[in-house]
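Engineer: Next comes the sequence, and after it the predicted model I'd like to discuss.
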Amino acid sequence: MNRPARNLLLLLFGSAVAIATATGTYLNYVRPVMFWFLAASAVVIVVLAVSGMAADIGEARADEDFEDDIGFAGTLTPVAHRPHDDAHGHAHGSGRVGWVLLVPVLLLLFCAPPALDPGAAQRTVVVAATTDESGRAYPPLPPGVAPHIALNDFQNRAVSDTAGTLDRDVSMTAYVTHIDGRPFLARVMIWCCVADARPIDIEVAGTPALPPDGGWVTAVVRLVPGTATRARHYRPIVRLVSDHPVPQPSPPYDS
């Protein structure tokens with residue numbers, strides 16, 4: 001791959017990152033905290049690509065002026081191939097592997113992959129972030145009727161909270177899925193990006209009239225005490241109080 005091609009690839013890559021950041025598509029792959037890092041990276045990459053292209057154009061014009069000067073002088077000998085031409089991006093040979101980088105760039109520009117969903121990994125057993133069975137006292141939940149809580153926080157409290165903060169109705173937004181025929185509310189959690197994504201799920205008791213698999217709901221639930229045990233892989237059971245369908249949240253991952 002010669003230098004002009006590398007600069008073009010850099011420009012496409014920087015543009016893809018900038019578009020994903022501006023449109024919010026980046027939330028399908030990383031946490032919101034990465035916004036400014038991605039924005040700054042996109043700017044730097046685009047500036048490098050444009051400056052490289054400008055340098056290539058300037059060198060091409062200098063080459064033309066050099067050849068015009070030789071021709072004007074009336075030389076009868078052919079102009080020798082100058083050794084620095086290879087450094088200007090006219091080298092031949094290796095570098096074909098670099099074109100492979102064009103594939104993810106085009107994918108991100110024209111058909112960005114969607115966010116992960118818990119159904120894609122519903123057989124994976126995920127232990128809560130806190131599995132200290134000796135427990136600890138969690139801070140109280142926000143006041144009000146059925147305060148909203150993250151699925152990961154709910155699971156952690158169900159496993160090891162000694163303050164009884166889940167002895168009340170809470171609400172959560174989650175993805176509906178079924179595992180071995182049993183209904184679950186699930187969410188994917190990421191610590192940094194989708195490379196470390198893990199599904200988290202809680203079982204819903206009985207046979208509630210939930211939307212089909214793949215649907216998102218905001219559900220009001222009540223923990224069934226003593227169900228988030230090691231034998232159950234720390235998956236708590238809840239009783240469904242109410243639910244209503246909602247669109248996929250943004251960001252789609254649990255906090």
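Structural biologist: It's in. Residues are numbered from 1 along each chain as shown.
Engineer: residues touching residue 27, list them.
Structural biologist: Contact partners of residue 27, counting by C-beta atoms under 8 Å, 6 or more residues apart in numbering, are 115, 250, 251, 252, 253. (C-beta placed from N, C-alpha, C; glycine too.)
Engineer: and the second one, what does it touch?
Structural biologist: For residue 250, the contacting residues are 24, 27, taking C-beta under 8 Å, 6+ apart as the criterion.
Engineer: does it sit in a helix, a strand or a coil?
Structural biologist: coil (DSSP: H, G, I helix; E, B strand; the rest coil).
Engineer: how much space between it and residue 205?
Structural biologist: For residue 250, the distance to residue 205 equals 30 Å [C-beta to C-beta, to the nearest Å].
Engineer: how many neighbours does residue 211 have?
Structural biologist: When neighbours are defined as other C-beta atoms under 10 Å, residue 211 has 14 of them.
Engineer: host element of it?
Structural biologist: Following DSSP states H and E, one finds residue 211 outside all helices and strands.
Engineer: For stretch 105-112, which residues meet the burial criterion?
Structural biologist: 105, 108, 112 (16 or more other C-beta atoms under 10 Å).
Engineer: Adding distance to residue 15, pLDDT and secondary structure, write the residues you listed out as CSV.
Structural biologist: Shown next, in CSV, are these (distance: C-beta to C-beta, whole Å; pLDDT from 0 to 100; DSSP: H, G, I helix; E, B strand; the rest coil):
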residue, distance to residue 15, pLDDT, secondary structure
105, 9, 81, helix
108, 9, 80, helix
112, 13, 78, coil
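Engineer: Save those residues as CSV, and put in distance to residue 17 too.
Structural biologist: Formatted as CSV, the buried residues of stretch 105-112 follow (distance: C-beta to C-beta, whole Å):
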residue, distance to residue 17
105, 9
108, 8
112, 11
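Engineer: if we can go back for a sec, looking at the contacts of residue 27, which one is closest to residue 229?
Structural biologist: residue 253 (26.3 Å; C-beta to C-beta).
Engineer: Lowest-confidence member of the contacts of residue 27, which is it?
Structural biologist: Within the set of the contacts of residue 27, pLDDT is lowest for residue 115 (82).
Engineer: the strands in this structure, which residues?
Structural biologist: 170-179, 182-189, 198-204, 216-223, 237-246 (DSSP state E).
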